[in-house]
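Asks: Just the structure for this:
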Amino acid sequence: MHLRELAPGEQLEDIIASSPLALLQFGTQSCAPCGALHQKIDSWLDEREKTPGHLPLAAVYISLDEHPALAAQADVLSAPTLRFYAEGQLWAEAKGYFSLEAFLARAERAEQLLQEGTASQTR
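Replies: Modelled structure (predicted):
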């Protein structure tokens with residue numbers, strides 16, 4: 001599994017509502033860290049897919065170059081920005097310089113809590 005590109009006309013609300021979990025990466029063509037993050041997230045998604053028992057996850061890359069209005073609507077002001085949603089609620093967000101490992105650990109914790117049925121109580 002890899003991050004897929006945002007489809008023409010697709011709305012963020014639809015992505016977030018379409019799956020119990022959603023991972024969104026906002027980036028630009030000229031952002032070197034964005035490209036590196038994209039590759040690392042793809043590797044994480046591949047590893048995740050090899051392990052059974054995971055909840056469905058929508059993983060989408062949104063180009064700020066191609067979708068500036070959508071970025072403004074989502075209040076995304078910098079690249080890279082990552083957001084992770086569990087049951088439609090923002091669970092984790094990282095912008096600029098951050099630890100991808102810490103972000104992904106928080107995402108994995110959200111999934112674990114969701115599977116246990118305690119995510120809404122712990123958030």
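Asks: Return the residues in contact with the most centrally placed residue in the chain.
Replies: Nearest to the geometric centre of the chain sits residue 23, at 1.8 Å (C-alpha atoms, centre = their mean). By C-beta atoms under 8 Å, 6 or more residues apart in numbering, the contact set of residue 23 is 3, 41, 57, 58, 59, 60, 82, 83, 84, 85, 107. C-betas here are computed from N, CA, C, even on glycine.
Asks: Over to the last one. Which of the three states is it?
Replies: Put plainly, it is residue 107. Following DSSP: H, G, I helix; E, B strand; the rest coil, residue 107 is assigned to helix.
Asks: residues touching the nearest residue to residue 3 once chain neighbours are set aside, list them.
Replies: Nearest non-adjacent residue to residue 3, counting by C-beta to C-beta, 6 or more residues apart in numbering: residue 61, 4.3 Å away. Residues in contact with residue 61 (C-beta under 8 Å, 6+ apart) are 3, 4, 5, 6, 24, 25, 27, 38.
Asks: can you put those in a markdown table and add neighbour count and pLDDT?
Replies: Shown next, in a markdown table, are the contacts of residue 61 (neighbours: other C-beta atoms under 10 Å; pLDDT from 0 to 100):
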| residue | neighbour count | pLDDT |
| --- | --- | --- |
| 3 | 20 | 97 |
| 4 | 12 | 97 |
| 5 | 12 | 96 |
| 6 | 19 | 96 |
| 24 | 23 | 98 |
| 25 | 20 | 98 |
| 27 | 22 | 97 |
| 38 | 17 | 97 |
